[in-house]
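Chemist: Predicted model and sequence below, questions to follow.
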Amino acid sequence: QTAAEESPLPLRVGTSLLEQLPQDVRKQTPTFVFGEQIEGKTDGVTVIEGEAELRRHDAVIRGDRIEYDNASGETKAQGRVLVNKQGDRFQGPELQYNTNTEKGHFQEPTYELLRNDARGDASRVEFLGDGKAEVYNGRYSTCPRPPGATWNPDWLLRAERIELDNVEEVGAAHSGVLEFKGVPFLAMPYLTFPLSDKRKSGVLPPSVSVDSVSGFSVTAPYYLNLAPNYDLTLEPTYMAKRGVDLTGEFRYLQPNYLGQVRASYMPSDSLRDMDRWAYSWQHSQNVGQITGSDSLRVGVNLNRVGDDNYWSDFPRALRSLTSRLLRNDAVAVWRQGPWVANVGAYTYQTLQLDDSPITPPYDQLPSTTLTYSQQDRSLLGMPGWDFTVQTNVTRFRRANFVPTEGIQGNGERAFVMAEATRRWEAPGWYVQPKLRVHSAQYRMDDVLLGSSRSASRTLPTLSVDSGMVFERQAAYFGRNYLQTLEPRLFATWTPYRDQSYLPNFDSASRSFNWAAMFTENAFGGNDRISDTRALTLGLSSRLIDPESGAEIVRLGWAQRALLKDQLVTLPGGSAVTERLSDMLLTARVQWDPLWALDSTVQYNPKSRESARSTIGVRYTPGPYKVFSAAYRVQRERSKQLDIGWQWPLSELWGEAGKPVPNGALGPGQWYAVGRLNYSVMERKPVDVVAGFEYDAGCWVGRVVLERLQLNTTSANQRVLFQLEFSGFSRLGGSSLEALKSHIPKYQYLRQETLPASRFEQYD
Amino acid sequence: CGFALRQAPKFSFSAINIMGLTNTNISRAIQRNLNAAGVQVQRGGGPLPVQAVMTIEADYRERVVTGQSSGGLVTELQLRTRFRYNITAPNGRILQESSELLIERDITFSETAAIAKAAEEQMLFQDMESDITQQVLRRLAAVHI
Amino acid sequence: ELADKDKPLNIEADSLRYEDAKQLSVFTGKVVATKGTIIMRGARMEVRQDPQGNQFGLLVGGPNALAFFRQKREGVDEWIEGEGERIEYESASETVVFTGKAVMRRYRGTQLNDESSGTQITYSSATEVYTVKGGAAATASNPSGRVRAMLTPIPDEQAKPAPATAPAQLRSTNTLPEQKQ
């Protein structure tokens, strides 16, 4: 009796069926055979006839007649043979297969693969063992096979030889032809495609587009899975009116660093008769091993283009958020205990346009910052104080700047900011005083600052933030809530120092919002510290659902009272003499999961006008259904209406689709999807991405109209067609990114799903 | 009018495992607040028996252009923070379904003031993170084991 | 074993009745018959011998017990066991036919190796070939009326039984893979 047998076997609840038996157990599993008649020789060949069935742990074979050699595992089956191997099913007239080596071949089979719901037929299938199989002059598609009817799928891959590798979950077709609705449209000598969601590979959905600038153009992206942690996506684009543009994106992932390089090159673009190029490189690395601690990180973010019109001639090609201001910076950050040091070069490439010029922001070549921060230290015998000391030295340069009168030139700035704060708090209230001293030193290359070329400014700031939280049970419209009332008082005091003679490298006015109302400096950046002596009173109230604790309604009101005029201004700005600031009203309501309303209004009680207001509504009644609209106003600057929607159309005329796992709302569904950004002041749509998606079950078609305003007069209008074969070509295409980012709750029609279990396709 | 000073939140669990993205700003703030309220927090699991397991599924920021001038200049940005989590009992029973908190802040933008706007964005992201932290703590207090 | 063919057949039972007309002896009541390594048990057994000395045995199980047959295989430490409502044994061709809830098992030492069941099983210990036939009659134990067999792979001689390794410790995880920011 070995020890294992004495102690009773501890049984534990298994959370799932066992997909794979361990290797050593696999060899001992018995084989079960059923049939109308069995004739066998002990330890020899067993012949089963009449609805014969052979069951093993990982394979089931059925047929009219099965011969099985228990010693070698050789199996022959004839007559309506079915093999179910790990969920993949093959059916055909005759099979020869070895259950031990998992090798063998199958004549004239039709097959259905488990993971991708893919199926097809072939003249012969060769099983090569350890999860590999080869399909000879066969057809492969993920379109369903209607029972009985002959199978002609909407799209299919026809190839002389298709290798299916279930371990790598990748398929490869030799001299394959892709057909859509019977029309061959892509022939490739070698073509890889994914067998499951896990691996993206091979052909990505081709997209065809017609637009006023490039004419008819086709993009056929191709994905090369070079290694588990490297991949390369090639996106050749043929444009009828302009030529061929090749874009490549290489991504790499290592334990200590990762990044991606995206480069585009178009030889002799006939639109402007010149070569066009653009590249972007994002890299971040943890250079830990050199310094011994993993606290040194290096990051690079480069985005450059060949000429100033690149952004409008290649809409959506650039990943930069601001299409005409491209960041190029490199940063090293080192952390050690309370110290954080970072050294960086931050430059911009600005794409100028005659009728809307940009004064580019300064480049910071270099900018070094050292920050020391300590939490919960004791001061004057009192614990709980937080200290922060930040020093920064930056050299500001304007790109290719020629010193001219009235234009602020290059210079250097060094500043030290020391801060001490402590938060007295209890669940119902808090008080947080903060003392800050900011001292800056300037030196300009050529312009005189008053008497000399250097100047300095030191300013203390004292602020106290305090607030209380009151709660009560309350009932509104028949629902009871936990209602809170949260008054907040913020006082700040900064003396006046004339800063008009100082240069302004990086200060600007803040947008008017809740957080900005409770900050000390009216200006962002470090070059202007406003002499704000003010009291800001805020009052917010929330309705909270007692059951789930979710915040249903939040209303906010805040206003700032200046005790003295604010004389410090940005260059060209005027002093603030208005003692009572504009009121800030915010409302955020989500009375049921379907509706969400969000609004911020900056209201001037005296002039009864609103300098800035936004109101946004989002309605999400169900999966794949969202409608969001937002109206944002900056008085005299911009009035923008932003609408986004994704809506299944079939429920408008037919019956609504029902959610199907990994199939949106089922096959045969039309969806209207789009986003419209309309400038009310200029009375024209500025950015439109709108179109329709058709989900046919095994493929998704997409037609999208894109309209991008290039300048005040002209816009680029583009119609984009896209075809995506479910489970065959993973999603790509830039117009999808636009939809995903602009429609807050937009859902791809094919989300990643959990890997299928072999017990789902069980015989 | 019935208002009373807020009392300390009473959590129905004395120890909790926090799994998934346990190292983001929001998850660290939640862990700090739970510790302050006397709840033992085990980041990534641990020896202590717990009454609840909080799994943080997603915590990421988004920046989206919501306003453009006709010359391709960006006038409005929307900053979003998404935080998705679920709460289960140690044996897997769902205590709070997976829910996503989506918080948005609008911010005006101008290319010339890109540096100052970058600093302002950081301030707004921190403000959103403390907002989400408070909301998640209130939802945690509503969990009954 | 092959040697059983020439071994004497001795039978014990509660009572014996000999019918000279049919050259038939009928044993009833806890019949136990042995012939070399063959052992047969049943409630009633009829034995007939033809002039050439070949013996024909018909064994019938009792009301709640099936007739039982057991024989050692040639040259291997393995035993063949079978049960059925009726067992017919023919020494000439050394075939045994189990009919009615027929089950045949093969033991390697004490470990059950193969097992087949059906309505009728024919086994010839000379050629070691067995045939299992179904029948239209779907019995309670065999609803599909089909025959079944379980075949265990032959362990390779040198492979000693794998030590009972502790099963891989699986920890149920309900976290998703880290979300790349």
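Modeler: Noted; the coordinates are in hand.

Chemist: contacts and neighbour counts: CA atoms only from here.
Modeler: OK.

Chemist: Please enumerate residues in contact with stretch A:327-334?
Modeler: Stretch A:327-334 has contacts (Cα atoms under 8 Å, 6 or more residues apart in numbering or on different chains) with A:295-304, A:320, A:340-349.

Chemist: how about the top strand by length along chain B as PDB, C-alpha atoms only?
Modeler: Scanning chain B for the longest strand, with DSSP state E as the assignment, gives strand B:52-68. What follows is strand B:52-68, C-alpha atoms only, in PDB (Å, rounded to 0.1, in the frame of the first residue of the first chain):
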ATOM      1  CA  ALA B  52     -15.200  39.400  -0.900                       C
ATOM      2  CA  VAL B  53     -13.000  39.600  -4.000                       C
ATOM      3  CA  MET B  54     -12.900  42.800  -6.100                       C
ATOM      4  CA  THR B  55     -11.600  42.300  -9.600                       C
ATOM      5  CA  ILE B  56     -10.600  45.400 -11.500                       C
ATOM      6  CA  GLU B  57     -11.100  44.600 -15.200                       C
ATOM      7  CA  ALA B  58     -10.200  47.800 -16.900                       C
ATOM      8  CA  ASP B  59      -8.900  51.200 -15.900                       C
ATOM      9  CA  TYR B  60      -7.800  53.500 -18.700                       C
ATOM     10  CA  ARG B  61      -7.900  57.000 -20.000                       C
ATOM     11  CA  GLU B  62      -9.100  58.300 -23.300                       C
ATOM     12  CA  ARG B  63      -8.600  61.600 -25.100                       C
ATOM     13  CA  VAL B  64     -11.000  62.400 -27.900                       C
ATOM     14  CA  VAL B  65     -11.300  65.400 -30.200                       C
ATOM     15  CA  THR B  66     -14.900  66.700 -29.900                       C
ATOM     16  CA  GLY B  67     -14.500  70.000 -31.600                       C
ATOM     17  CA  GLN B  68     -12.500  71.000 -34.600                       C
END
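
Chemist: What strands line up against it, and which way round?
Modeler: If you go by DSSP bridges, strand B:52-68 pairs up with strand B:15-20 (parallel), strand B:74-88 (antiparallel).

Chemist: so after the first one, what's the next helix or strand?
Modeler: The one in question is strand B:15-20. Using DSSP states H and E, the helix or strand that follows strand B:15-20 in sequence is helix B:25-36.

Chemist: and if you look at the last one?
Modeler: Tracing the chain C-terminally past strand B:74-88 and defining elements by DSSP H and E, one meets strand B:94-108 next.

Chemist: I'd like to know which elements that next one is packed against.
Modeler: Contact here means 3 or more Cα pairs under 8 Å, 6 or more residues apart in numbering or on different chains; DSSP states H and E; on that basis strand B:94-108 packs against strand B:74-88, helix B:114-141.

Chemist: Mean neighbour count and distance to residue A:559 added to these, as a markdown table?
Modeler: Below are the helices and strands packed on strand B:94-108 laid out as a markdown table (neighbours: other Cα atoms under 10 Å in any protein chain shown; distance: least, Cα to Cα, whole Å):
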| stretch | mean neighbour count | distance to residue A:559 |
| --- | --- | --- |
| strand B:74-88 | 20 | 23 |
| helix B:114-141 | 19 | 18 |
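
Chemist: Dump those to JSON lines, plus mean pLDDT and distance to residue A:388.
Modeler: Listed next are the helices and strands packed on strand B:94-108 as JSON lines, based on pLDDT from 0 to 100; distance: least, Cα to Cα, whole Å:
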{"stretch": "strand B:74-88", "mean pLDDT": "90", "distance to residue A:388": "26"}
{"stretch": "helix B:114-141", "mean pLDDT": "93", "distance to residue A:388": "16"}
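
Chemist: what helix or strand does residue A:603 sit in?
Modeler: If you go by DSSP H and E, residue A:603 is part of strand A:595-604.

Chemist: So which elements touch that strand?
Modeler: By 3+ Cα pairs under 8 Å, 6+ apart, strand A:595-604 packs against strand A:583-592, strand A:609-622.

Chemist: So which of those is nearest chain B?
Modeler: Nearest to chain B among those is strand A:609-622 (8.1 Å), distances taken as Cα to the nearest Cα.

Chemist: Give the next helix or strand downstream of that closest one.
Modeler: Next in sequence after strand A:609-622, counting helices and strands by DSSP H and E, comes strand A:625-634.

Chemist: and that next one, C-alpha only, in PDB?
Modeler: Extracted in PDB, the C-alpha atoms of strand A:625-634 (Å, rounded to 0.1, in the frame of the first residue of the first chain):
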ATOM      1  CA  LYS A 625     -27.700  50.600 -29.500                       C
ATOM      2  CA  VAL A 626     -26.400  54.000 -28.500                       C
ATOM      3  CA  PHE A 627     -27.300  57.500 -29.400                       C
ATOM      4  CA  SER A 628     -25.300  60.400 -28.000                       C
ATOM      5  CA  ALA A 629     -25.600  64.100 -28.700                       C
ATOM      6  CA  ALA A 630     -23.500  67.000 -27.200                       C
ATOM      7  CA  TYR A 631     -23.700  70.700 -27.800                       C
ATOM      8  CA  ARG A 632     -20.600  72.600 -26.700                       C
ATOM      9  CA  VAL A 633     -20.400  76.400 -26.900                       C
ATOM     10  CA  GLN A 634     -17.400  78.700 -26.300                       C
END
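
Chemist: Give the pairing partners of that strand; include direction for each.
Modeler: The strands beside strand A:625-634 in its sheet (DSSP bridges) come out as strand A:609-622 (antiparallel), strand A:638-648 (antiparallel).

Chemist: Can you say which of those strands is packed in most?
Modeler: Highest mean neighbour count of the strands paired with strand A:625-634: strand A:638-648, a mean of 23 (counted as mean count of other Cα atoms under 10 Å in any protein chain shown).

Chemist: Output it as PDB, nothing but the C-alphas.
Modeler: Only the C-alpha atoms of strand A:638-648 are listed here, as PDB (Å, rounded to 0.1, in the frame of the first residue of the first chain):
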ATOM      1  CA  SER A 638     -16.900  77.800 -31.400                       C
ATOM      2  CA  LYS A 639     -20.300  76.300 -31.200                       C
ATOM      3  CA  GLN A 640     -20.000  72.500 -31.900                       C
ATOM      4  CA  LEU A 641     -22.800  70.000 -32.200                       C
ATOM      5  CA  ASP A 642     -21.500  66.400 -31.800                       C
ATOM      6  CA  ILE A 643     -23.800  63.500 -32.500                       C
ATOM      7  CA  GLY A 644     -22.800  59.800 -32.400                       C
ATOM      8  CA  TRP A 645     -25.100  56.800 -33.000                       C
ATOM      9  CA  GLN A 646     -25.100  53.100 -33.500                       C
ATOM     10  CA  TRP A 647     -28.600  51.600 -34.100                       C
ATOM     11  CA  PRO A 648     -29.900  48.300 -35.400                       C
END
